[in-house]
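Student: quick one, structure for this:
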Amino acid sequence: MGLINFFKDLKELLFINTRVCITDGINDIGDELRKKEFSKDKLKIVMISEYSQFLDNSTPIFAVNKCNKEGMDIQLDLYGKGRGLKNIVECINSQNCLNIHYKGEIKDTKEILKDYDIFLTASYSPDIQFKTIEALRCGLPVILTDVKGNGASEFIKGNGYLIPENNIELLKDILKGLYEDKSQLAVMGQNSRKLYEEKYRIPEKIYAN
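Tutor: Down below sits the predicted model:
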């Protein structure tokens with residue numbers, strides 16, 4: 001069984017780190033599902049990921065917890081699935097931070113994205129790429145982990161940050177800067193929406209009927 005699990009983990013690692021290009025884009029959403037106003041007193045982050053022991057999913061938890069220990073009010077809600085999920089839940093519990101919660105699996109994000117201020121992910125299965133494009137479509141700033149070969153840089157164009165793996169302090173500093181100057185969020189959110197419109201939106205004439 002140990003050998004079988006090894007090959008399952010290896011397959012998961014190779015699959016997630018394979019660059020997958022989405023060329024067809026996705027349909028647009030109504031104005032009611034787009035981000036209108038960003039939080040004034042706190043920072044609300046949604047993290048969607050494929051949880052694997054090979055991927056850096058714990059750094060956001062540690063970074064957010066450090067921010068909150070310094071007096072900030074940052075909420076982190078985690079969604080997703082994966083064979084490393086148990087470790088992530090244990091990591092959340094070990095931090096004893098009331099502002100960090102695992103919320104379960106999610107298939108359709110468009111109803112919840114507008115309730116957050118930042119979209120964050122640390123992995124890139126095709127499904128996670130799709131949800132990143134949904135975040136751009138909603139008009140959310142994005143913070144993505146730069147895993148070699150995952151294509152994350154394609155989703156960054158003045159709309160967020162690409163961070164190296166396992167850099168808790170850098171992510172903490174980024175979140176602190178956004179928390180202290182929330183005016184940046186609106187600008188980055190506009191850039192996310194612009195990137196979606198330029199690169200990932202299906203032309204209306206294709207799906208109008």
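
Student: quickly find the element holding the residue nearest the centre of the chain.
Tutor: Centroid-nearest residue in the chain: L120, 2.2 Å away (criterion: CA atoms, centre = their mean). Per DSSP states H and E, L120 falls inside strand 118-121.

Student: in the helix or strand that comes right after that strand, which residues are buried?
Tutor: Per DSSP H and E, the first helix or strand lying C-terminal to strand 118-121 is helix 126-138. By neighbour count on 16 or more other CB atoms under 10 Å, the buried set for helix 126-138 is 128-129, 131-138. No exception for glycine: its C-beta is placed from N, CA and C like everyone else's.

Student: so what does helix 126-138 touch, helix or strand wise?
Tutor: strand 43-50, strand 118-121, strand 142-146, helix 183-195 (3 or more CB pairs under 8 Å, 6 or more residues apart in numbering; DSSP states H and E).

Student: so what's the gap between it and the chain middle?
Tutor: On the basis of CA atoms, centre = their mean, to the nearest Å, helix 126-138 sits 9 Å off its chain's mean C-alpha point.

Student: same check on stretch 184-201?
Tutor: On the basis of CA atoms, centre = their mean, stretch 184-201 sits 15 Å off its chain's mean C-alpha point.

Student: next, the buried residues of it.
Tutor: So for stretch 184-201, counting by 16+ other CB under 10 Å, buried means 185, 188-189, 191-193, 195-196, 200-201.

Student: can you tell me how far the residue nearest to the centre of the chain sits from D28?
Tutor: Distance from L120 to D28, counting by CB to CB, to the nearest Å: 23 Å.

Student: many thanks, have a good one.
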